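Enquirer: Got a predicted model here, sequence first, then my questions.
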2 protein chains.
Amino acid sequence: EIAEALVALAAERARADDAVNADRPLRGVSVLVTAGPTREPLDPVRYLGNRSSGRMGYALAEALCERGAQVVLVTGPSALPPPPAVAELVRVETALQMHAEVMRRSPACDIFVATAAVADYRPAAPAGQKIKKSADALTVHLVRNPDILAEVAALPRPPFTLGFAAETHDVETAARGKLRDKRLDMIAANHVGGTVGGFEHSENALLVIWNGGQREWPMMPKVELARALAMLLEERYAARQAASA
Amino acid sequence: EIAEALVALAAERARADDAVNADRPLRGVSVLVTAGPTREPLDPVRYLGNRSSGRMGYALAEALCERGAQVVLVTGPSALPPPPAVAELVRVETALQMHAEVMRRSPACDIFVATAAVADYRPAAPAGQKIKKSADALTVHLVRNPDILAEVAALPRPPFTLGFAAETHDVETAARGKLRDKRLDMIAANHVGGTVGGFEHSENALLVIWNGGQREWPMMPKVELARALAMLLEERYAARQAASA
């Protein structure tokens, strides 16, 4: 009877482990998340910035941790408290710094989630001293920053890549173009610059597109949206793993 | 005896009032304080900003409230909680908005304290839609913003004006020039863009200059510095009132 009891106990333990793993389905999966804006200095005090608060990226990093993932968060300047469960928090300021930190870590990650609003341009020649306001007008020359998301997706063995498209107009067209041109696995598109949702708001609506499917969520708190998106991300990641196995 | 007791009571009450007023020496004095950075939009999501956190202005507004002043705080975007004791809090984003709010209120104030890091320039033609990153390079044309501090100091009956000079080099020379050219009553100069003190730091060192005197404080917490500066401001304001009486 003792042997039978032990077998039953072992079976029960295995079912419990399965339940835990079912509950933490991204266990052992390493995810690199970028969040927040970047700041591109014009001089030691002035910079070119954008309205990303980091909220969506932080919420998504937290939701991925809840699902068991090992999350590294590379973040631009944000006033938010960092998600406590992330394995590593890397603070950067400029697009070039974010590029360096991401490229160093991306070959070792399974999933790359690019929520950061990386500045597309930076001042060509930042001044070492504060620019004096002597002139009535001033011309600032900007040059392109590297496209971090496209570079990661173009790696020889790229991670599963989820990009974000924040647009003021023609959101879906822009998102489909980005998914195709950058060869992403998935893209989450949202409308920004309006009076509700997007940058600087705690709510958002998302249209998520991948090759062969799409899902849309109406306006809801970013924390809830992040949980739903993390679940979808896990589903699509599993599907790609199964297809390539 | 009752009459005598009443007289004694009245005298005691008067002394108590004096003690309270001595403790709140700016009682009844209205102070307009500006704080934080301004943001100058390039398009609905991108802007030109600066590294002011609002910390010095918020601390100074609080210190002036502690001394009994009636404080109106006009602030650019800041992640800080607003000082609870201010009589009115006005949130703005751009230099033009700050200009409008300040010019409307400045004729009625006794003291004007300009800690805000108002952008000297704004994009000449902000785009209504998000600028696409199609070009390899981009040129942004900037035009001058109004000089709020100089305009207030040039009013027919200007308030007592305290300006701030945040400089990366030749701090004292720049501050003396600003005091003279803008006809300020007082200027507080500090070094920014370094590794300690100034923007984005909780500590600062100040050199305060007025016609006929100056005072210097070494690196210390901005909250303490704000209290010391509020006391000096009160002293110099009283001196100007006495001189013009």
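Expert: That came through fine.

Enquirer: Can you report how many residues lie near residue A:154?
Expert: Residue A:154 is flanked by 12 other residues according to other CB atoms under 10 Å in any protein chain shown. Backbone N, C-alpha and C define where each C-beta goes, glycine included.

Enquirer: Over to residue A:122?
Expert: Neighbourhood size, residue A:122 [other CB under 10 Å]: 21.

Enquirer: Does it touch residue A:42 like I think?
Expert: No: using CB atoms under 8 Å, residue A:122 makes no contact with residue A:42, being 9.2 Å away.

Enquirer: Report the set of residues contacting both of those two.
Expert: residue A:48 (CB atoms under 8 Å, 6 or more residues apart in numbering or on different chains).

Enquirer: can you confirm residue A:131 is in a strand?
Expert: No: the assignment for residue A:131 (DSSP: H, G, I helix; E, B strand; the rest coil) gives coil, which keeps it out of a strand.

Enquirer: Apart from its neighbours in sequence, what residue is nearest it?
Expert: Leaving aside its sequence neighbours, residue A:131 sits nearest to residue A:43 (CB to CB, 6 or more residues apart in numbering or on different chains; 4.9 Å).

Enquirer: The one you found contacts residue A:127, correct?
Expert: Yes: using CB under 8 Å, residue A:43 makes contact with residue A:127 at a distance of 4.0 Å.

Enquirer: Now do the helices in chain A.
Expert: For chain A, the helices defined by DSSP state H occupy A:2-23, A:55-66, A:95-105, A:148-153, A:171-181, A:222-244.

Enquirer: Residue A:111: what's it in contact with?
Expert: A:29, A:30, A:31, A:32, A:69, A:159, A:160, A:161, A:162, A:233, A:237.

Enquirer: so what's the closest residue to the last one other than its chain neighbours up against?
Expert: Read that as residue A:237. Take residue A:237 and drop its neighbours on the chain: the residue closest to it by CB to CB, 6+ apart is residue A:160, 4.9 Å away. Counting by CB under 8 Å, 6+ apart, residue A:160 touches A:110, A:111, A:112, A:185, A:186, A:233, A:236, A:237, A:240.

Enquirer: Dig out what residue A:160 forms beta bridges with.
Expert: Note on residue A:160: beta-bridge partners by DSSP bridges are residue A:111.

Enquirer: how near is it to residue B:229?
Expert: Using CB to CB, to the nearest Å, we find residue A:160 at a distance of 55 Å from residue B:229.

Enquirer: Likewise for residue A:32?
Expert: 46 Å.

Enquirer: Residue A:103 - how many residues pack around it?
Expert: So residue A:103, with other CB under 10 Å, has 14 neighbours.

Enquirer: Please name the residues that touch it.
Expert: A:148, A:151, A:152.

Enquirer: Would you mind listing what in chain A touches chain B?
Expert: A:39, A:42-52, A:79, A:117, A:119-121, A:124, A:129-130, A:133, A:135-144, A:166-169, A:192-193, A:199 (CB under 8 Å from any CB of the partner chain).

Enquirer: From these, keep the buried residues only.
Expert: Neighbour-count burial (16 or more other CB atoms under 10 Å in any protein chain shown) is assigned, among those, to A:39, A:42-52, A:117, A:119-121, A:130, A:138, A:140, A:142, A:144, A:166-168, A:192-193, A:199.

Enquirer: from those, which ones fall inside strands?
Expert: Secondary structure from DSSP state E places A:46, A:47, A:48, A:49, A:50, A:121, A:138, A:140, A:142, A:144, A:166, A:167 of those in strands.

Enquirer: need the contact list for the fifth one.
Expert: Contact analysis of residue A:50 by CB under 8 Å, 6+ apart lists A:37, A:38, A:117, A:119, A:199, B:45, B:46, B:47.

Enquirer: Flag the least confident of the residues you listed.
Expert: pLDDT across the contacts of residue A:50 is lowest for residue A:199, at 68.

Enquirer: Which helix or strand in chain A has the lowest average pLDDT?
Expert: Within chain A, confidence by mean pLDDT, DSSP states H and E is lowest for helix A:2-23 among all helices and strands, at a mean of 70.

Enquirer: Low-confidence bits of chain A, can you list those?
Expert: Along chain A, segments meeting pLDDT under 70 span A:14-23, A:192-200.

Enquirer: correct me, but residue A:221 touches residue A:202?
Expert: Yes: counting by CB under 8 Å, residue A:221 does reach residue A:202; the two are 6.2 Å apart.

Enquirer: Select only the buried ones of the contacts of residue A:103 in PyMOL?
Expert: Here is the PyMOL selection string for the buried members of the contacts of residue A:103, based on 16+ other CB under 10 Å:
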select buried, chain A and resi 148+152
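
Enquirer: Nearest to residue B:101 among the contacts of residue A:103?
Expert: residue A:148 (39.1 Å; CB to CB).

Enquirer: can you tell me which residues contact that closest one?
Expert: Neighbours of residue A:148 in contact, by CB under 8 Å, 6+ apart: A:34, A:95, A:98, A:99, A:102, A:103, A:114, A:116, A:118.

Enquirer: would a markdown table of the contacts of residue A:103 with distance to residue B:209 be doable?
Expert: Listed next are the contacts of residue A:103 as a markdown table, based on distance: CB to CB, whole Å:
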| residue | distance to residue B:209 |
| --- | --- |
| A:148 | 47 |
| A:151 | 51 |
| A:152 | 53 |
